[in-house]
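**Q** Here you go, sequence then predicted model.
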Amino acid sequence: MRLRVLVPVLALALGGCASSDDSFLWTLAPVNERDARAYAAVPGERFRIPAADLSKLPPKYRRQLVRYDTPHKPGTIVVDPGARFLYLVAENGRAIRYGVEVGREGLEWSGTATIARRAEWPTWTPPAEMIARDPKVAPFAAGMPGGPENPLGARALYLYQGGKDTLYRIHGGGAAGRIGEATSSGCVRLLDQDAIDLYKRVPNGAEVVVLPARVAGGEQKTRL
């Protein structure tokens, strides 16, 4: 991947990746104003989602449109655990980039999968391996209902290979101060605002490519 600088332009078309209610993200609005809107409290949800504390979220981990050289087709999700970024590939050599929290050492997963299920305020069921590692989650072996205390947060995308659940998820529930860290139980965690944005853009059947943790993307881009 080559270093490129993304020059500010007026509203950039994202083809099928764009949704109609967030065009402000790709305008020349001041960065602080755009970020404040992107990470404001979310109305109309079943549970309260407060505004993210941007003082704890470095600018590079805030949702933004970047140049991204990749062979993957638009609509593909590429997760770069080494760089702590998730990319949603768009048209014309661009991608929407989100900051993420990734799995702790020894809990990483990499490979290619398909999103076979999507859920709003999903139930969390810890796998047997997690219960064995951490008996404190045993009370939730039958499932923890969706809600603000649920570690999956407001949205979850379920990764399958060959029709089989990998048990890895891309989900919300992140905290601004932890985005960019490797502290999750193996899954890819976003802020709820970003999980909701990604959920709106990605249908069932979308491809997900998770790079090995040792691979850090060469993309270093400036913000719009």
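**A** Looks like it came in fine.
**Q** wait, what's in contact with the closest residue to E120 other than its chain neighbours?
**A** Closest residue to E120 in three dimensions, ignoring its sequence neighbours and counting by CB to CB, 6 or more residues apart in numbering: R155, at 6.0 Å. (Each C-beta comes from the backbone N, C-alpha and C, glycine too.) Shown in contact with R155 (CB atoms under 8 Å, 6 or more residues apart in numbering): 118-122, 171-172, 192, 195-196, 198-199.
**Q** same thing but at 10 Å, please
**A** Counting by CB atoms under 10 Å, 6 or more residues apart in numbering, R155 touches 118-122, 146, 169-173, 190, 192, 194-200.
**Q** Pull out the buried residues from those residues.
**A** 118-119, 121-122, 146, 169-173, 190, 192, 194-199 (16 or more other CB atoms under 10 Å).
**Q** if I look at T112, how far off is D194?
**A** 22 Å (CB to CB, to the nearest Å).
**Q** and if you look at Q64?
**A** Distance of Q64 to D194, computed by CB to CB: 11 Å.
**Q** what is in contact with these two at once?
**A** 38, 96, 98-99.
**Q** Columns secondary structure on top of the residues you listed, output as JSON lines?
**A** Shown next, in JSON lines, are those (DSSP: H, G, I helix; E, B strand; the rest coil):
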{"residue": "A38", "secondary structure": "helix"}
{"residue": "I96", "secondary structure": "strand"}
{"residue": "Y98", "secondary structure": "strand"}
{"residue": "G99", "secondary structure": "strand"}
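**Q** Let me know the closest of those to G205.
**A** Distance to G205, by CB to CB, is smallest for I96 among the shared contacts of Q64 and D194, at 18.6 Å.
**Q** leaving aside the residues next to it on the chain, what's closest to P122?
**A** That would be A156: by CB to CB, 6+ apart, it lies 4.3 Å from P122.
**Q** Can you classify that neighbour by secondary structure?
**A** Secondary structure state of A156, per three-state DSSP, is strand.
**Q** Next: R117.
**A** strand.
**Q** neighbours of it, just the number please.
**A** 13 (other CB atoms under 10 Å).
**Q** Excluding chain neighbours, what is closest to it?
**A** Y158 (4.1 Å).
**Q** Likewise for G180?
**A** R84 (4.6 Å).
**Q** wait, doesn't L198 sit right on G153?
**A** No. L198 is beyond contact range of G153, at 11.7 Å (criterion: CB atoms under 10 Å).
**Q** so what sits against both of the two?
**A** In contact with both L198 and G153: 171-172, 190, using CB under 10 Å, 6+ apart.
**Q** Could I get the pLDDT score of G146?
**A** We have a pLDDT of 88 for G146.
**Q** residues contacting it?
**A** 46-47, 119-124, 152-156.
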